[in-house]
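A.B. asks: here's a sequence, model it:
(chains A and B)
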Amino acid sequence: MKILIVDDSKTMRLIVKRALRQAGFEDHEVEEAGNGLEALEMLKAGGIEVVLCDWNMPQMNGLALLNAVREQGFDVKFGFVTSEGGPEIEKTAADAGALFLISKPFTADVLQRVLGPVLQ
Amino acid sequence: MSPPPHPVDWWAGIAAASITELAQVSLGLAGVEPSPHTVELPRQRDGSIISLVGDQESLEIGLFSDTEGCRSLASRMLGMEPEGEEMVVDAMCELANVLAGLTKRKLAAADAKFEIGLPLYVRGSIAVGDAAEAVSIPVRLGNAGVEVVVLRNLNPAPSGGSHAAASAR
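C.D. replies: Alright, predicted model coming up:
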């Protein structure tokens, strides 16, 4: 599968990529975007099946990206990897169509448990 | 009637618990023991700061060290030597972001709702005006001597206030 990591922090994109490898998902192709607008352009280009997205980002935040993804009919599995967390945020994410929300900081074990079913 | 604002020491306790969790999960450092107490803020420091804005209260949390300390924290977070200063800045901002997220979740458990701002990297001294009170939490994170600084705004803006209490020089 082709996974798109969307985060304005290059550090966090590196950490998510490393955690994906540690979680045993090294066979999947990974691309990166620095914000929601950039991600939307990459989605339009096609091929992306899973989006791992930050919540708080400049220009277009994660929730706005998810809404745009759904409005524009992209058939992708979408989840958040974010410093946000808690029942209220999780409900907002789920209501918007997110499959999961992983709160930072996270371990490779958490990524494996949550993403395992998604990447099958 | 609004509940009374929490004292800055209460915030310091929350921040101390958050930095302990951050150290363990993001930096691989178990057994970190921050000890909140009021001290004079560092004169010359590098670090990152981020706001947490609520309806009744707002605060800013900063993570400060010296240049080498920030590089050490970035290296530990990345699992590799950072490629240039830009990556150190990015890593420090991300550490502040995660610290704010942990703090926000602990606040939510106490029925306090806050919005997280975007992190800023600052270099130099931190000036605390009359509109804020500060607590510094010294902690050693690996090779880095770090101060977690909590600034509580005494006159929070109704909404969207950010970095109102402190300015980097």
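A.B. asks: only C-alpha atoms from now on, for both contacts and neighbour counts.
C.D. replies: OK.
A.B. asks: report whether the helix or strand where residue B:121 lies contacts chain A.
C.D. replies: Taking DSSP states H and E as the criterion, residue B:121 maps to strand B:120-124. No. Judged by Cα under 8 Å from any Cα of the partner chain, strand B:120-124 makes no contact with chain A; its nearest approach is 12.3 Å.
A.B. asks: what residues sit buried inside that strand?
C.D. replies: B:120, B:121, B:122, B:123 (16 or more other Cα atoms under 10 Å in any protein chain shown).
A.B. asks: was I right about the third one contacting residue B:48?
C.D. replies: The reference is to residue B:122. Yes. Residue B:122 is within contact range of residue B:48, at 5.8 Å (criterion: Cα atoms under 8 Å).
A.B. asks: show the backbone phi and psi for residue B:60.
C.D. replies: Here is the backbone geometry of residue B:60 (degrees, to the nearest 10): phi -130, psi 140.
A.B. asks: number of residues surrounding the closest residue to it other than its chain neighbours?
C.D. replies: Nearest-residue entry for residue B:60: residue B:51, 4.2 Å, with adjacent residues in sequence omitted and distances by Cα to Cα, 6 or more residues apart in numbering or on different chains. Neighbours of residue B:51 under the rule other Cα atoms under 10 Å in any protein chain shown: 29.
A.B. asks: equivalent analysis for residue B:115, please.
C.D. replies: Counted by other Cα under 10 Å, the residues lying close to residue B:115 total 16.
A.B. asks: not counting residues beside it along the chain, what's closest to residue B:30?
C.D. replies: residue B:24 (4.9 Å).
A.B. asks: please tell me how far that neighbour sits from residue A:22.
C.D. replies: To residue A:22, residue B:24 is 17 Å away according to Cα to Cα, to the nearest Å.
A.B. asks: also residue A:95?
C.D. replies: 30 Å.
A.B. asks: many thanks, I have nothing further to ask.
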